[in-house]
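**Student:** can you look at this prediction? I've put the sequence above it.
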Amino acid sequence: MKTRKLVNLRSFPLFSTVSYLTFFILYAPIALVIAYSFNVNRTAQIWTGFSTKWYLDVLTNDDIVKAVKNSLIVALPSTILATTLALAATLGLQRMGRKGNTISIILLGAPLIIPEIVLAVGSLCFFLFIGLPIGFIGLIVAHTAFCIPFAMLPIRARLVSLEASSFEAAADLGANEWNIFKRVTLPLLAPGVLAGALLAFAISFDDFITSFFVAGPGSTTLPVYIFGMIRSNVTPAINALSTMLLIGTGGILFASYSLNQDRKK
């Protein structure tokens, strides 16, 4: 049986040019943000010399430190709750029939395709309707809800790659459901669970739209605080803060990707 050869896109006219242009448009703004974070001039867009003072300014700014703490207060419990619910949902989907499985995946994965502005407005209206106070409680509930599908992605991928023989062997040896979960399922899913938790944490920590709508007085998260800084005055401190956020988030996502690759080994 003959195998079909894949289309060689490099043979198309201007393919290389379009590719390089696409990468330039994607990464040039990020490179510019990083470069101007070392600008000595208080006006971010005017380069007058090299300096690292803005990073020190960020680290010693009490308002920024408080915003980071607020983001952690929201992201950590949201990550724990979302990952736990994602793990339970993933295991539950395995026992469903094909039709129920498909419907459940569509419902659980809805936050991935529904515009976040719709979710944010809906969350705010719902919290006001049921009397749930906006602020940290509302933020944790909202972040948990939209982080569940992100946490599910690596967990489900890990579960699909596992051999059923491991679970069948444990059952044949007399292990009950709880022991199978504790001694077999959870250890085998650990890389996927951790990868999902890291992904959920990064999504929650970086979220702006939902946080902007649901945050109350005293619960301003870091992305919302950065937005407020931009509206008042654009200084290299914003670039420095954005660069630090980029490095932190990038490290978390890289760790999540690395853990998720273990399932292929």
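**Tutor:** Yep, that arrived. Numbering: from 1, shown residues only.
**Student:** mind listing what's buried along the helix or strand where V33 lies?
**Tutor:** Using DSSP states H and E, V33 sits within helix 15-36. Going by neighbour count (16 or more other CB atoms under 10 Å), the buried part of helix 15-36 is V33, Y36. For the C-beta atoms, the positions are set from N, CA and C on the backbone; glycine is no exception.
**Student:** point out where the stretch 151-265 of the chain drops to low pLDDT.
**Tutor:** Residues of the stretch 151-265 of the chain that meet the criterion pLDDT under 70 lie in 163-168, 170-176, 259-265.
**Student:** that one: helices as residue ranges?
**Tutor:** Along the stretch 151-265 of the chain, the stretches classed as helices by DSSP state H, counting those that start in this stretch are 164-172, 177-180, 186-206, 209-214, 222-232, 236-261.
**Student:** of those, which is nearest Y36?
**Tutor:** In this view, the helices of the stretch 151-265 of the chain are compared for proximity to Y36 by CB to CB, and helix 236-261 is the closest at 4.8 Å.
**Student:** which strands or helices does that closest one pack on?
**Tutor:** helix 15-36, helix 53-59, helix 136-161, helix 186-206, helix 222-232 (3 or more CB pairs under 8 Å, 6 or more residues apart in numbering; DSSP states H and E).
**Student:** closest one to S256 among the ones you listed?
**Tutor:** Of all those, helix 186-206 sits nearest to S256, with 3.9 Å by CB to CB.
**Student:** would you mind getting the angle between the closest one and helix 222-232?
**Tutor:** Using axes from the mean of the first three to the mean of the last three CA atoms, to 10 degrees, the direction of helix 186-206 lies 20 degrees away from that of helix 222-232.
**Student:** how much does helix 186-206 deviate in direction from helix 236-261?
**Tutor:** Counting by the same axes, to 10 degrees, helix 186-206 lies at 160 degrees to helix 236-261.
**Student:** report the central residue of the chain.
**Tutor:** With the centre of the chain defined as its mean C-alpha position, the nearest residue by CA atoms, centre = their mean is I203, 2.4 Å away.
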